[in-house]
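Colleague: pasting a predicted model and its sequence here:
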Amino acid sequence: MEQNRVNHLFIFGLGYTGKVLGDLLKKQGWKVSGTSRDEAGAEQLAQDGFYSYVFNETTPLEPAVFDGVTHILLSIPPNDEGDLVFKTHGSDIAQRAQQLKWVGYLSTTGVYGDHQGGWVDEETALTPSTERGEKRVWAEIQWQSLFQSNKLPIHIFRLAGIYGPGSNQLEKVAAKKAKRRIKEGQVFSRIHVDDIAGMLIASMNSPHAGEAYNICDDEAAPPQDVVTYAAQLLGVDPPQEILFNPDDMTPMGLSFFAESKRVSNEKIKRDLGYTLKYPTYREGLKALLPSVGKSTIGKG
């Protein structure tokens, strides 16, 4: 990727993943801008060294904001009416398709639905089994339409469960908030936030407009295994196993347990030559161990 100050990444929804990516690119001399839903969030982004804007359902951006932008990352979840950015600024972005080198949309592996532990890849039919997954499919269709009509250099990234610094099972075990729920046959794919950033940069280095990529590590695993391993790393007893009970779950938790599948990441390795920094949750959690707030271990 060219390391010059012409490159300007604009992130809609500059949050956990976007900050990791943005910090990497700023070190390479990029300009990185992004949005928050409110003034307080935008002020925090500015303090973190990003050019920041407020954007929400009632606060659109001035189209001039996109002047000079070379790359866009779309990281705002869709609502009942579809993708907010597409609805509000899709035409503004489409009009700048020629100046844009790359546009990325962060979707979810939930678009594939439940496969009872079976494998899925980018050629698998999109058959979501949750409302959240259905909204993501619709958002993907919306953005792909601009590739077809305006040659917008859109790339779809279907993310597995994200973990990283401050958001992982080590932290939950240390704080005694982790649960080992057992549901027979249940497996999840996951991905370290550093590898998300690495894969996105690999795509920016080698754009393939119109393509979709799965972003996950090499090993889908039962959720209780990850909790057990985190406890082993911390040198504490794992929480007691409990049988899956839908009455004891939040709506978000239920949506995750409604689907079980193994997600292939072969395409992003093959097409973009990406090598995972953390091939499984084991390497990822080991690397995170020094940053865990160990003072919380053993406390309620």
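Modeller: It's in.

Colleague: against residue 241, how distant is the residue nearest the centre of the chain?
Modeller: The centroid of the chain falls nearest to residue 159 when counting by CA atoms, centre = their mean (5.0 Å). Between residue 159 and residue 241 the computed distance is 28 Å (CB to CB, to the nearest Å). Yep, even glycine has a C-beta here, placed from its N, CA and C like the rest.

Colleague: now swap in residue 44 and tell me
Modeller: 39 Å.

Colleague: hang on, the earlier thing: can you tell me the closest non-neighbouring residue to the residue nearest to the centre of the chain?
Modeller: Spatial nearest neighbour of residue 159, chain neighbours left out: residue 215 (4.9 Å); criterion: CB to CB, 6 or more residues apart in numbering.

Colleague: quick one, what contacts that neighbour?
Modeller: Neighbouring residues of residue 215 by CB atoms under 8 Å, 6 or more residues apart in numbering: 157, 158, 159, 160, 191, 195, 196, 199, 265, 268.

Colleague: what helices or strands is the helix or strand of the chain with the lowest mean pLDDT leaning on?
Modeller: Lowest mean confidence among the helices and strands of the chain (mean pLDDT, DSSP states H and E): helix 251-257, at a mean of 82. Using 3 or more CB pairs under 8 Å, 6 or more residues apart in numbering; DSSP states H and E, the elements in contact with helix 251-257 are helix 131-150.

Colleague: for the helix it packs on, which helices and strands make contact with it?
Modeller: Packed against helix 131-150, as judged by 3+ CB pairs under 8 Å, 6+ apart, are the following elements: helix 84-94, strand 102-108, strand 154-159, helix 251-257.

Colleague: any idea of the mean pLDDT for the longest one?
Modeller: Averaging the model's pLDDT scores along helix 84-94 yields 98.

Colleague: can I assume residue 203 sits in a helix?
Modeller: Yes. Using DSSP: H, G, I helix; E, B strand; the rest coil, the secondary structure at residue 203 is a helix.

Colleague: okay, it and residue 153: tell me how far apart.
Modeller: For residue 203, the distance to residue 153 - CB to CB - is 10 Å.

Colleague: could you do residue 105 as well?
Modeller: Applying CB to CB, the value for residue 105 to residue 153 is 11 Å.

Colleague: between the two, who's got more neighbours?
Modeller: residue 105 (25 against 20; other CB atoms under 10 Å).

Colleague: ok, what's across the strand from the more buried one?
Modeller: Beta-bridge partners for residue 105, by DSSP bridges, are residue 74, residue 156.

Colleague: residues in contact with it?
Modeller: 74, 139, 140, 143, 154, 155, 156, 157.

Colleague: number of nearby residues for the fifth one?
Modeller: Right, residue 154. By other CB under 10 Å, 28 other residues sit near residue 154.

Colleague: is it in contact with residue 144, as I believe?
Modeller: Yes. Here residue 154 lies in contact with residue 144, judged by CB atoms under 8 Å, at a distance of 6.3 Å.

Colleague: so for these two, which residues contact both of them?
Modeller: Shared between the contact lists of residue 154 and residue 144 (criterion: CB under 8 Å, 6+ apart) are residues residue 210.

Colleague: any buried residues in stretch 111-122, and which?
Modeller: Within stretch 111-122, the residues scored as buried using 16 or more other CB atoms under 10 Å are 111, 112, 113, 114, 115, 120, 122.

Colleague: and that stretch, how far from the chain's centre?
Modeller: Computed by CA atoms, centre = their mean, to the nearest Å, the chain-centroid distance of stretch 111-122 equals 18 Å.
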